[in-house]
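> Following is a predicted model, sequence given first.
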Amino acid sequence: MGKQVVLTGMRTTGALHLGHYVGALKQWLEIQQTGQYECYFLLADIQALTTHADNPSALRQSVKDVTLDWLAVGLDPRLKNVHFVLQSQVPERAELSILLDMIATNAEVLDNPTLKAELQDLQVRKTASSGFMRYPVDQVADIHMVDPMEAGSTLLVPVGADQESHLELARDIARRFNRVYSPTKAVLTPCRTLVGDIGRLVGTDGDAKMSKSKGNTIDLRDDADTVARKIKGMAAGPNRGANEPGKPDENPVFIYLRAFDPDQIGLADLEQQYRERGVPNSALKGRLTTVLNDFLDPSRARRRELAGTDISQILVDGSDAAREACTPVITTVKEAMAVSLPYKF
Ligand code: TRP
């Protein structure tokens, strides 16, 4: 009864870090592992262009970096149900995007809380490209390009909490489309959000968000020494003597340990010790260094095996799969909106 489709993606604006893992990749891997979904993982290079159109060679490099990072963490397009889709290589998606633009209202796009928040930044407001102003609708096209269009189907979109408003827009547009063009039988499938339990990771400087522009990341491709060095310089909460009690919640090192330490019971003991009689930061950081390097080691091994892999072929195959899925969608949408031939007289 129906199909189970997953679509999700990332903008290709640089190599990925632990924040991407905690906020997205971890969940994508779990979904892939179930084997129950047709999974489309989108490398959003067009969306990257909405803000990064000035540096084509960096964009190309980012697509390569993201692809390698995805493969290194274990996303596996060799599986029949897993596709890496390069957004720019699905022309049907762009066509869908233009058509959905006509049923989205300008007001609802401008009211989109995520877009609004991004436009709070004066620099962004001044320099935002015209494409940036319509990216929420473009993202709706991303989701619906693989719409199963079949009763009883699921279109699942696993994302960080910051993307929730985009998915609400997608549902609004899908429902509107159905109401206007196909009131008796739903065509588009309103998507379902899947938000993970830990949506974001603090930066190594203690800032609320790990982000490349802030220089506070630990990258998936960092080697063991780099990880050790970054942790050494990491923020560890309010100043505290080595044996002075502290609050784990205020110490970013604990936040990381909670996200990555496989021994959560041992960690709970350590937190109690920290609260009652203090634990030196050097000990916590030593533990974190081991934990993160153990976590990254399998990715490092996979990355070494990947040398020489034909990344382009992976992206061509994945994009072709998305084109195939999108063909019936765009045909149906065009017919419904009366922009198709032949005309029947
Ligand atoms: N906006 C998402 C991000 O910044 C990337 C993205 C593009 C996406 N298209 C999507 C996410 C479709 C989910 C579904 O990370």
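Yep, it's here. Just so it is clear, the structure is predicted and the values come from calculations on it, not from any experiment. Numbers count the residues shown, from 1 in each chain.
> okay, CA-based contacts and neighbour counts for the rest of this
Will do.
> Against which helices or strands is the helix or strand hosting R176 packed?
When elements are assigned from DSSP states H and E, R176 belongs to helix 164-181. Packing partners of helix 164-181 (3 or more Cα pairs under 8 Å, 6 or more residues apart in numbering; DSSP states H and E): helix 113-119, helix 135-144, strand 192-195.
> quick one: the longest one to helix 164-181, angle?
Orientation of helix 135-144 against helix 164-181 (axes from the mean of the first three to the mean of the last three Cα atoms, to 10 degrees) gives an angle of 70 degrees.
> next one: helix 135-144 to chain centre, how far?
14 Å (Cα atoms, centre = their mean, to the nearest Å).
> buried sites along that helix?
By 16 or more other Cα atoms under 10 Å, the buried positions in helix 135-144 come out as 135-144.
> who touches that helix?
7-8, 47, 50, 87, 93-94, 96-98, 100-101, 104, 109, 112, 115, 157, 166-167, 169-170, 188-189, 191, 329 (Cα atoms under 8 Å, 6 or more residues apart in numbering).
> ok, back up a step: please tabulate the buried residues of helix 135-144 in CSV, including the columns distance to T204.
Shown next, in CSV, are the buried residues of helix 135-144 (distance: Cα to Cα, whole Å):
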residue, distance to T204
Y135, 30
P136, 30
V137, 34
D138, 33
Q139, 30
V140, 33
A141, 35
D142, 33
I143, 33
H144, 37
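> Any stretches of the stretch 51-200 of the chain with poor pLDDT?
Applying pLDDT under 70 to the stretch 51-200 of the chain flags the ranges 197-199.
> How about the residues of it by the ligand?
Proximity of the stretch 51-200 of the chain to the ligand, by Cα under 6 Å from any ligand atom, involves residues 139, 142-143, 159.
> Make TSV out of those and add distance to E250.
TSV is the format used below for these (distance: Cα to Cα, whole Å):
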residue	distance to E250
Q139	36
D142	39
I143	38
V159	26
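> Tell me which helix or strand L42 sits in.
strand 38-44.
> tell me the angle that strand makes with helix 135-144.
Using the same axes, to 10 degrees: strand 38-44 against helix 135-144 is 150 degrees.
> Pull up the pairing partners for strand 38-44, direction included.
Within its sheet, and counting by DSSP bridges, strand 38-44 is paired with strand 4-11 (parallel), strand 82-86 (parallel).
> Domain map for this structure?
4-199+309-336, 212-306 (automatic domain parsing).
> The last one - what's its average pLDDT?
Averaging pLDDT along domain 212-306 yields 96.
> Give me the distance between the two termini of stretch 268-287.
From its first residue to its last, stretch 268-287 covers 13 Å (Cα to Cα, to the nearest Å).
> What are the buried residues along that stretch?
270-272, 274, 278-279, 281, 284-285.
> Tell me which residues are up against it.
231-232, 236, 241-248, 253-254.
> Can you tell me which of those end up in helices?
231-232, 253-254 (DSSP state H).
> what's the closest of the residues you listed to D261?
F254 (9.5 Å; Cα to Cα).
> and the closest residue to that closest one other than its chain neighbours, what is it in contact with?
Nearest non-adjacent residue to F254, counting by Cα to Cα, 6 or more residues apart in numbering: P248, 5.9 Å away. By Cα under 8 Å, 6+ apart, P248 lies in contact with 254-255, 271, 274-275.
> May I ask which two of those residues are separated the most?
Between any two of these (Cα to Cα), the greatest distance is 14.7 Å, for I255 and R275.
> sorry, back to before: and which of the ones in helices among the contacts of stretch 268-287 is nearest to T290?
Checking these one by one against T290 (Cα to Cα), the nearest turns out to be I231, at 10.5 Å.
> still on that earlier bit, compile the buried residues of stretch 268-287 into JSON lines and extend it with columns for secondary structure and distance to the ligand.
As requested, these are arranged in JSON lines below (DSSP: H, G, I helix; E, B strand; the rest coil; distance: Cα to the nearest ligand atom, whole Å):
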{"residue": "L270", "secondary structure": "helix", "distance to the ligand": "34"}
{"residue": "E271", "secondary structure": "helix", "distance to the ligand": "33"}
{"residue": "Q272", "secondary structure": "helix", "distance to the ligand": "36"}
{"residue": "Y274", "secondary structure": "helix", "distance to the ligand": "36"}
{"residue": "G278", "secondary structure": "coil", "distance to the ligand": "38"}
{"residue": "V279", "secondary structure": "coil", "distance to the ligand": "37"}
{"residue": "N281", "secondary structure": "helix", "distance to the ligand": "33"}
{"residue": "L284", "secondary structure": "helix", "distance to the ligand": "31"}
{"residue": "K285", "secondary structure": "helix", "distance to the ligand": "30"}
